[in-house]
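**Student:** Predicted model follows, preceded by the sequence.
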Amino acid sequence: MTLRSACGRPTAAAVAALLAALALSACGAKKDTTTTAGAVKHVDLVLDYLPNADHAPIYAAQAMGAFKAANLDVRLRTPSDPASPLKLVAAGKADLAISYEPEVLLARDKGLHVASIGALVQKPLTSIISLGGKVKTPADLKGKKVGTAGIPYQSAYLKTIAKGAGVAPGSVHEINVGFNLIQSMLTKKVDATLGAFWNVEGVQLRREHKKPTIIHVEDAGVPTYQELVFVANNDRLQDKGVGDVMRRFLQAVARGAKAVKADPNAGVDPLVKANPDLDRALQLDQVKATLPAFFPSDSRFPWGYQNADEWKAYGQWMLDNGLVGALPTPTSLTNEFLPGRGI
C-alpha cells in the first residue's frame, strides 16, 4: 500500500533526495512548523511484533490525537511474519515499518531499497540474561550453554563478547532455542540466553523475583546500535509530498514520546487497550525502564536522531563478521525528516 490521500488518489511527486547519513549537531536546527493543509493522508505502519512497551510513543501519539493534528490517518498493523515488515515496505505494500538496525543493513545488503528515517529505541535492548548467578560477567561464558534465537548476528555477538573477555568462542556452547529464550533458562536447558530484551524479559524476571543477571551487549564489546527504527522505501522518499508526510509522522511520534516521558500511563493505557492480553502493571514497569532509550543520550540532538558514525562502526563490525558483503552505503539512514531538521 502506498501513501495516498483520503479519497485514494496517489500523492504527487518529488521531495528532497534522501540525504546521506548526517551527523548533524542541533546547533542551528530550525523550529518545526507542521503543514497539515489538504486531504488527510493515510499511513500504513507495520509493527515489528505485537504491541508492547517499545511501541509506547506510537500508541501515545495515536491516543492523544497527535496524528490527527498532523492530518494523518495512521493504521498500525501487526506482522503475520517477523520477516515481512521490511519486505512490505520495499515492495510498496506498506508506507513504514518498525525494524531493527541490523535487519535494515542486512536487507540493504540483499538489495532491498529501504532506509531508516528515525530511531524509536536509541540503544540495544538485546542482552545476555542468566539466573542463579551462572553468568555474572562475560568471562563466565566459558563452558556455558547459551540459548539464542538462531539469528546469525546473535551468534556473532556471542563470539565477539567471548573474544573480548578472553574466552575461546568454541568453549561457549550456543543452542538455538528459537523464541523460547526465557523458558529454556527456567527449565535449565541453558545457563544463559542472548537475545532477550533487558527492558521486557529482564523486567518481567525481576518482577517475578527471579533475580536475573543482565549484561547489555554494548557493554560487553558489541558496537552500539539502535534497536528499533522506522523504515521507509528510500526510492519513494524522493517523491514530492512523501517527505512531508514522513516529517509530520515523526513529529507526531516525538510528541507521543514526550508525553510518555511526562507520564508513562500516556503510552500504557492505549497499549493495553490495543492488546488486552497485556498485564498493565508489567507494561508500566517495562515502559518506565525503556524511557531513557526513547531519547538520544546527548540532549543536543532531536528525538529520533541517528548517529551516522555509530551506524558506520556497526556496519564495519557486520562486514568483519561476514554478515554483509560490503560496507553499508551512507543512504542507509537519514535524519532529514526528524523534528527540527530539513530545509
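**Tutor:** Right, received. Where do you want to start?
**Student:** my hunch is that Glu174 is in a helix, does that hold up?
**Tutor:** No. Glu174 sits outside any helix when classified using DSSP: H, G, I helix; E, B strand; the rest coil, being strand.
**Student:** That one: what's it in contact with?
**Tutor:** When contacts are counted by Cβ atoms under 8 Å, 6 or more residues apart in numbering, Glu174 touches 146-148, 155, 158. (C-beta placed from N, C-alpha, C; glycine too.)
**Student:** list the contacts for the closest residue to Gly325 other than its chain neighbours?
**Tutor:** Spatially, and ignoring its direct neighbours in sequence, Gly325 is nearest to Asp109 (5.9 Å; Cβ to Cβ, 6 or more residues apart in numbering). Residues near Asp109 by Cβ under 8 Å, 6+ apart: 324-326, 328.
**Student:** In strands, which of the residues you listed appear?
**Tutor:** Among the contacts of Asp109, no member falls in strands (criterion: DSSP state E).
**Student:** Look up how far Asp191 lies from Gly132.
**Tutor:** Per Cβ to Cβ, to the nearest Å, Gly132 is found 9 Å from Asp191.
**Student:** More neighbours: these two, which one.
**Tutor:** Asp191 (22 against 13; other Cβ atoms under 10 Å).
**Student:** Surely the more buried one and Lys144 touch.
**Tutor:** Yes. In this structure, Asp191 is within contact of Lys144 by Cβ atoms under 8 Å, at 4.2 Å.
**Student:** Spit out the residues that contact the two alike.
**Tutor:** Both Asp191 and Lys144 are in contact with 134-135, where contact means Cβ under 8 Å, 6+ apart.
**Student:** What mean pLDDT does the longest helix that the chain contains get?
**Tutor:** Longest helix in the chain, counting residues (DSSP state H): helix 242-262. Mean pLDDT, computed over helix 242-262, is 97.
**Student:** Pull out the buried positions in it.
**Tutor:** For helix 242-262, the neighbour count (16 or more other Cβ atoms under 10 Å) marks 242-261 as buried.
**Student:** Tell me the backbone dihedrals of Gly92, please.
**Tutor:** Main-chain torsions, Gly92, degrees, to the nearest 10: phi 80, psi 20.
**Student:** give me every residue that touches the most centrally placed residue in the chain.
**Tutor:** Centroid check for the chain by Cα atoms, centre = their mean gives Leu228 as the closest residue, at 0.3 Å. For Leu228, the set of contacting residues under the criterion of Cβ under 8 Å, 6+ apart consists of 48, 54, 98-100, 119-121, 125.
**Student:** which one of those residues sits closest to Lys288?
**Tutor:** When the contacts of Leu228 are compared for distance to Lys288 (Cβ to Cβ), Asp54 comes out closest, at 13.0 Å.
**Student:** how many neighbours does that closest one have?
**Tutor:** The tally of other residues near Asp54 (other Cβ under 10 Å) stands at 25.
**Student:** same deal with the one 5 residues further on?
**Tutor:** Burial of Tyr59, expressed as a neighbour count using other Cβ under 10 Å, amounts to 25.
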